[in-house]
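>>> sharing a sequence plus its predicted fold:
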Amino acid sequence: MNEREQAVLALIRQNPFMSQQEMADKMNLSRPVLANLVSSLTKQGKIVGRAYILPEENEIICIGGANLDRKFHVKGTVQLGTSNPASSSFSVGGVGRNIAENLGRLNHEVTLLTTAGKDADWLVIQEASEPFMNLRYVEQLPDAATGSYTAVMDEQGELALAVANMEVYDLLLPSLLKQYEAMLMNAGCFILDLNCPKETVAYIQQVAIAREIPLVIVPVSSPKMNRLPDTLQGVTWFICNTDEAETIVGHTIDNAAHYEKALQKLLLLGAEHVIITAGGKGVYAASTTITASHFMAKAIEKIEDVTGAGDAFVSAVIHSWLRGQPFTTCIDAGLTNAKKTLASPYTVRPELSEESLKNEMEE
Ligand SMILES: Nc1ncnc2c1ncn2[C@@H]1O[C@H](COP(=O)(O)OP(=O)(O)O)[C@@H](O)[C@H]1O
Ligand SMILES: O=c1[nH]cc([C@@H]2O[C@H](COP(=O)(O)O)[C@@H](O)[C@H]2O)c(=O)[nH]1
């Protein structure tokens, strides 16, 4: 037992009914960090039978998409309305799943909640994802197709067109999630992507508020921004890209004042920490206690593949925050992981680990 674990144990012995939030406040720790300590004490057999003890592997619950991504790199100029010669590859994707894999590789216990078909695409996703996350609660629906995303890139590796079949997530409804209510109630942190239906977003927000569980929302794409609830109350982190932020302010965002206005609006809606990513220009970020700032992107020699950079950014920010790091370090971790992912042909880079990210941040 380390010092912090001893302090948690002493608190529990003083008052066995103290909530995790009260303990976290008393020890000046974030709730997920406290949950980690409780979980470790449970595994060591030091505490048993307490209602709030996290069920095994439920530290972070990612709720959202798990897709099979197909990528086509067109040789020459992309021409619409005709067949373009291209090289192709496929990989596993989906924003919720990508974030779950990044966090699994970063040493977190992650559970993925999603819906999928009973098809070959799911088998591929399952095999690639299983080492990094718990898939026990994935609902396989007999008549549905697993989510799929097809991207067409131009010669520079930039996205020319993407098509997505995400119909299966229309079935990721509160009625389905309520089957696992006990597990949800004891989560350490929720990460939700807006592949989820609006009702599901509202339901998870309600659980997060009632149980004081940190909630991270990641929009996925601008058309899905209409799935956001009217307020961002209970949202600990809201991380979106510039297109998605434009739907919040209702106009084009192209200068620092516009970014600041969008950040303010998100804070006014009730989010605690907000970040808007701006591609090669980096990110703009603010929180209820930290004024808006711009953070430069890390320079990249050659972009191999743009898919997954946004998800890599979100994952490293949340990883760093769960490890108790200050706001600017969290952003630096995000920028580093995004850069390394852009320079990699993979959506989630296989060399990612907690140790490697730490070293890369010091480079
Ligand atoms: N050309 C680039 N050079 C350096 N970093 C980049 C570049 N494009 C994207 N990034 C990094 O990836 C992050 C996410 O990219 P962005 O395009 O804003 O999001 P998304 O991929 O979700 O649309 C950026 O904040 C930045 O850190
Ligand atoms: O409506 C959606 N489009 C795209 C994705 C996923 O988004 C990822 C790409 O994310 P990024 O923006 O970070 O490149 C891909 O893996 C793709 O499957 C998704 O979940 N939902």
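In hand now; what should we look at? Ligands and ions are numbered 1, 2, ... in the order given.

>>> mind checking the SS state of A210?
Here A210 is recorded as helix under DSSP: H, G, I helix; E, B strand; the rest coil.

>>> residue in the stretch 51-200 of the chain nearest to ligand 2?
Ligand 2 sits closest to G93 of the stretch 51-200 of the chain, with a gap of 2.4 Å, by C-beta to the nearest ligand atom. The way it works is simple: take the backbone N, C-alpha and C, and place the C-beta from them, glycine included.

>>> any idea which helix or strand carries the closest residue to that residue other than its chain neighbours?
Excluding the flanking residues, the one nearest G93 by C-beta to C-beta, 6 or more residues apart in numbering is D69, at 3.6 Å. Using DSSP states H and E, D69 falls within strand 67-74.

>>> could you report the separation of L135 from L215?
With distances taken as C-beta to C-beta, to the nearest Å, L135 is found 22 Å from L215.

>>> these two - which one has more neighbours?
L215 (24 against 19; other C-beta atoms under 10 Å).

>>> that one reaches F190, doesn't it?
Yes - taking contacts as C-beta atoms under 8 Å, L215 lies within contact range of F190: 4.8 Å.

>>> what sits in contact with each of these two?
I204, A208 (C-beta atoms under 8 Å, 6 or more residues apart in numbering).

>>> so how many other residues sit close to A343?
Using other C-beta under 10 Å, A343 has 16 neighbouring residues.

>>> model confidence for it, exactly?
Model confidence at A343, expressed as pLDDT, equals 95.

>>> what does the stretch 1-150 of the chain have sitting close to ligand 2?
Contact residues, the stretch 1-150 of the chain versus ligand 2 (C-beta under 6 Å from any ligand atom): G65, N67, D69, G93, G94, V95, N98, Y149.

>>> ligand 1: which of these is nearest?
Proximity of those to ligand 1 was ranked by C-beta to the nearest ligand atom; the top entry is V95 with 8.7 Å.

>>> next, count neighbours for that closest one.
By other C-beta under 10 Å, 26 other residues sit near V95.

>>> that one contacts V218, correct?
Yes - in this structure, V95 is within contact of V218 by C-beta under 8 Å, at 5.9 Å.

>>> list the residues that contact both of those two?
G64, D193, G310, D311.

>>> just put those residues in a markdown table and tack on pLDDT, distance to G157 and neighbour count.
Listed next are the shared contacts of V95 and V218 as a markdown table, based on pLDDT from 0 to 100; distance: C-beta to C-beta, whole Å; neighbours: other C-beta atoms under 10 Å:
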| residue | pLDDT | distance to G157 | neighbour count |
| --- | --- | --- | --- |
| G64 | 98 | 25 | 28 |
| D193 | 98 | 24 | 28 |
| G310 | 97 | 15 | 24 |
| D311 | 98 | 17 | 28 |
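
>>> so what's A262 closest to, chain neighbours aside?
Here the residue nearest A262, using C-beta to C-beta, 6+ apart, is A245, at 4.4 Å.

>>> show me the contacts for that neighbour.
So A245 contacts I253, Y259, A262, L266, I276 (C-beta under 8 Å, 6+ apart).

>>> now for the residues you listed: which two are most distant?
The most widely separated members of the contacts of A245, counting by C-beta to C-beta, are I253 and L266 (12.2 Å).

>>> those two: who's more crowded?
Each of I253 and L266 has its neighbours counted (other C-beta under 10 Å); L266 has more, 23 against 20.

>>> now do the contacts for that one.
Shown in contact with L266 (C-beta under 8 Å, 6+ apart): L232, F238, A245, I248, V274.

>>> on that earlier part again, so the residue of the stretch 51-200 of the chain closest to ligand 2 bridges to which residues?
Counting by DSSP bridges, G93 is bridged to N67.

>>> for it, grab the count of nearby residues.
26.

>>> do the same with V152
V152, neighbours per other C-beta under 10 Å, totals 19.

>>> if you rank the residues of the stretch 1-150 of the chain next to ligand 2 by neighbours, which is first?
Neighbour-wise, these (other C-beta under 10 Å) top out at G94, 33 neighbours.

>>> look up the closest residue to it, ignoring the ones flanking it.
In space, G94 is closest to G65, 3.5 Å off (C-beta to C-beta, 6+ apart).

>>> doesn't that neighbour lie inside a strand?
No - counting by three-state DSSP, G65 is not found in a strand; it is coil.

>>> need the phi and psi values for it.
As for G65, its main-chain torsions (degrees, to the nearest 10) stand at phi -90, psi 150.

>>> that one: what's it in contact with?
Taking C-beta under 8 Å, 6+ apart, one finds G93, G94, V95, G96, R97, T114, G147, M166, Y169, D193, N195, V220 in contact with G65.
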